[in-house]
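Q: sequence plus the predicted model coming up.
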Amino acid sequence: MSKELEIEFKNMLTNDEFIALKEAFQLTDEKFHTQANHYFDTPDFALRHQKCGLRIREVAERFECTLKEPASGIGLIETTDLLAEAHVRAVLAGEATIDAPEVHERLAHRGVVEQNLQLLGTLSTTRAEISYKGGLLVLDHSLYADTEDYELEYEVTDEATGHVIFVELLKEYGIATRPAQKKVARFVAAMNRKRGI
């Protein structure tokens, strides 16, 4: 289990900008990995209404359950538990509830019961990560609900310094400022569009 503060800057990219950054940072296809984010909420979106997001992430042979909550001040608090693959498969099939002890504690604190959670769907991301000026630069290409998007993230420990570096990076590569919602918010919006809501 881990608990950490996440401070990140995000910007949506066009396909051309994504390709340009791949080339500028010499990111070959081999440097990208694919991960699946399975999103959960209650039927009445109790987590979304509290500005929280719950996912099970699948990367290679690793399965982790993460709850993201607003931090007091800046960023998000992430609480993460590792899960066994067999358990995750049962959860995704609707045969089991999420059994993640630390996440359970935080959900209980927010009045959310695991039995009320349901799978909203899956977002698949192809991602490359590189160290950049004291932070972690992330290029994402995501597919979900008949939607495809490209995103640049910059994860840092110091908000003020990170913001300056991120803005300079966007200027250096001629990238327009396009604030990005969290993936779970984009996913839910796309699912609603698909359902005609």
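A: Structure's in. What do you need?
Q: what segments of this protein are strands?
A: 2-13, 33-41, 53-59, 62-70, 76-82, 118-132, 135-144, 147-156 (DSSP state E).
Q: right, and those - which one's nearest residue 178?
A: strand 2-13 (4.1 Å; C-beta to C-beta). (C-beta placed from N, C-alpha, C; glycine too.)
Q: where in this structure is pLDDT low?
A: When residues are selected by pLDDT under 70, those of the chain lie in 1-2, 197.
Q: residue 190 - nearest residue in space that isn't next to it in sequence?
A: Nearest non-adjacent residue to residue 190, counting by C-beta to C-beta, 6 or more residues apart in numbering: residue 145, 3.9 Å away.
Q: quick check: phi and psi at the one you found.
A: phi 40, psi 50 (degrees, to the nearest 10).
Q: isn't it right next to residue 188, touching?
A: No. Proximity of residue 145 to residue 188 does not meet the contact threshold set by C-beta atoms under 8 Å, at 9.1 Å.
Q: so between the two, which is more surrounded?
A: residue 188 (22 against 18; other C-beta atoms under 10 Å).
Q: from residue 146, how far off is the more buried one?
A: 14 Å (C-beta to C-beta, to the nearest Å).
Q: hang on, the earlier thing: how much space separates the residue nearest to residue 190 from residue 34?
A: 17 Å.
Q: and for residue 48, the neighbour number?
A: Neighbour number of residue 48 under other C-beta under 10 Å is 17.
Q: actually, residue 144.
A: 21.
Q: same check on residue 174?
A: Neighbour number of residue 174 under other C-beta under 10 Å is 8.
Q: could you check how far the residue of the chain most remote from its centre is from residue 123?
A: Distance from the C-alpha centroid of the chain peaks at residue 172, with 25.6 Å (C-alpha atoms, centre = their mean). To residue 123, residue 172 is 29 Å away according to C-beta to C-beta.
Q: so what's residue 66 up against?
A: Taking C-beta atoms under 8 Å, 6 or more residues apart in numbering, we find residue 66 in contact with 54, 55, 56, 57, 78, 79, 80, 103.
Q: I figured the fifth one hits residue 65, correct?
A: No. In this structure residue 78 lies outside contact range of residue 65 using C-beta under 8 Å: 10.7 Å.
Q: neighbour-wise, which of those two wins?
A: Higher neighbour count among residue 78 and residue 65: residue 65, with 26 against 16, using other C-beta under 10 Å.
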